[in-house]
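Participant: Could you work out the structure for the sequence below:
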Amino acid sequence: QVQLVESGGGLVQAGGSLRLSCAASGRTFSSHAMGWFRQAPGKAREFVAAISWSGGSVDHADSAKGRFTITRDNSKNTLYLQMNSLKPDDTAVYYCAAARYGSIPYPTEANFDSWGQGTHVTVSS
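Facilitator: Residues are numbered from 1 along each chain as shown. Below is the predicted model of the structure:
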């Protein structure tokens with residue numbers, strides 16, 4: 001298991017930006033693909049973005065394409081999500097998660113076996 005701690009959430013106006021961070025400890029961070037998911041009030045948790053172990057491959061949900069960017073710094077054991085042009089619909093708890101393997105898996109929760117506690121993002125209109 002890898003331990004994950006998210007930070008960087010908060011309240012922002014529509015059109016603004018936030019950068020989420022996820023600090024990892026435990027098993028080797030750089031060996032595993034990582035992902036971001038989010039859960040809005042009253043809704044199921046949904047995939048946002050994922051990145052391979054090296055950072056060479058990324059995948060973004062349609063709702064995130066062109067606005068969000070997932071990156072990682074293996075030297076710092078940290079995952080990031082840069083979120084620009086935020087909308088009220090982006091309001092959710094954002095979770096980082098570690099996949100079992102180094103390549104990006106099919107983007108469902110079942111393929112990620114370690115989760116952080118989440119960080120709240122609220123976008124006001």
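Participant: Quick one: the strands in this protein, in order.
Facilitator: 2-7, 10-13, 18-26, 34-39, 46-51, 58-60, 68-73, 78-83, 92-99, 112-115, 119-124 (DSSP state E).
Participant: Reformat those strands into a markdown table and put mean neighbour count and distance to residue 106 next to each item.
Facilitator: Where C-beta positions appear, they are placed from N, C-alpha and C, glycine not excepted. A markdown table is the format used below for these (neighbours: other Cβ atoms under 10 Å; distance: least, Cβ to Cβ, whole Å):
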| stretch | mean neighbour count | distance to residue 106 |
| --- | --- | --- |
| strand 2-7 | 17 | 20 |
| strand 10-13 | 13 | 31 |
| strand 18-26 | 18 | 21 |
| strand 34-39 | 24 | 11 |
| strand 46-51 | 22 | 9 |
| strand 58-60 | 18 | 10 |
| strand 68-73 | 18 | 16 |
| strand 78-83 | 22 | 19 |
| strand 92-99 | 23 | 10 |
| strand 112-115 | 18 | 10 |
| strand 119-124 | 17 | 25 |
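Participant: Now mean pLDDT too, for the ones you listed, in CSV please.
Facilitator: Converted to CSV, the strands of the chain look like this (pLDDT from 0 to 100):
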stretch, mean pLDDT
strand 2-7, 95
strand 10-13, 98
strand 18-26, 94
strand 34-39, 98
strand 46-51, 98
strand 58-60, 97
strand 68-73, 98
strand 78-83, 98
strand 92-99, 97
strand 112-115, 94
strand 119-124, 98
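Participant: For these, give me TSV that also has distance to residue 105.
Facilitator: Below are the strands of the chain laid out as TSV (distance: least, Cβ to Cβ, whole Å):
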stretch	distance to residue 105
strand 2-7	15
strand 10-13	30
strand 18-26	17
strand 34-39	8
strand 46-51	8
strand 58-60	10
strand 68-73	14
strand 78-83	15
strand 92-99	5
strand 112-115	7
strand 119-124	23
